[in-house]
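Asker: predicted coordinates and the sequence they were generated for:
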Amino acid sequence: MGDEPQRVKQVIVIRHDLKMRRGKQIAQASHASMSFIVRRLQEVGSVSLDDFSDVERSWLRGAFAKICCRVNSEDELMNIHDKAIAAGLEVHLITDSGKTEFHGVPTSTCVAIGPDVAEKIDPLTGNLELL
């Protein structure tokens, strides 16, 4: 790998089949991205940069690169979710409560993968269409 800096990013995969309003998509993706930090904060009560891996710190100190992609079904979303977990990646599934959309039915809307090096995430998401 040499002296080249690693490309670190977070990929957010959003269900396109739900036909969410654009604002709803943005809110769901924001929940997914923030879950990376918020879940750790909930687990231990406070976090510092020392609580993150070198790659995660690089992302937090950098530009917070995020890529938003889409899938067309819950099955596709869950398949990517499961593969990301099996690959040992940071994964956060967002399930909307259904109070404003989805007729009161809790619905899985998106998943955030990473942050991590692109080489680990791309095999799972590199073929997805951008949102």
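Answerer: In hand now; what should we look at? Numbering: from 1, shown residues only.
Asker: hey, let's count contacts and neighbours off CA atoms from now on
Answerer: Noted.
Asker: count of neighbours near residue 77?
Answerer: Neighbourhood size, residue 77 [other CA atoms under 10 Å]: 20.
Asker: apologies, that question was intended for residue 95.
Answerer: Residue 95 is flanked by 16 other residues according to other CA under 10 Å.
Asker: now swap in residue 24 and tell me
Answerer: Residue 24: 15 neighbours (other CA under 10 Å).
Asker: which parts of the biggest strand by length in the chain are buried?
Answerer: Scanning the chain for the strand with the most residues, using DSSP state E, yields strand 107-117. By neighbour count with 16 or more other CA atoms under 10 Å, strand 107-117 contains the buried residues 107, 108, 109, 110, 111, 112, 113, 114, 115, 116, 117.
Asker: which one of these is nearest to residue 131?
Answerer: residue 110 (12.0 Å; CA to CA).
Asker: quick check: closest non-adjacent residue to that closest one.
Answerer: Nearest non-adjacent residue to residue 110, counting by CA to CA, 6 or more residues apart in numbering: residue 14, 4.3 Å away.
Asker: so who does the one you found touch?
Answerer: Counting by CA atoms under 8 Å, 6 or more residues apart in numbering, residue 14 touches 25, 29, 68, 69, 70, 71, 77, 109, 110, 111, 131.
Asker: let's have those residues in a markdown table, adding distance to residue 44.
Answerer: Listed next are these as a markdown table, based on distance: CA to CA, whole Å:
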| residue | distance to residue 44 |
| --- | --- |
| 25 | 29 |
| 29 | 24 |
| 68 | 29 |
| 69 | 31 |
| 70 | 32 |
| 71 | 33 |
| 77 | 29 |
| 109 | 27 |
| 110 | 25 |
| 111 | 23 |
| 131 | 34 |
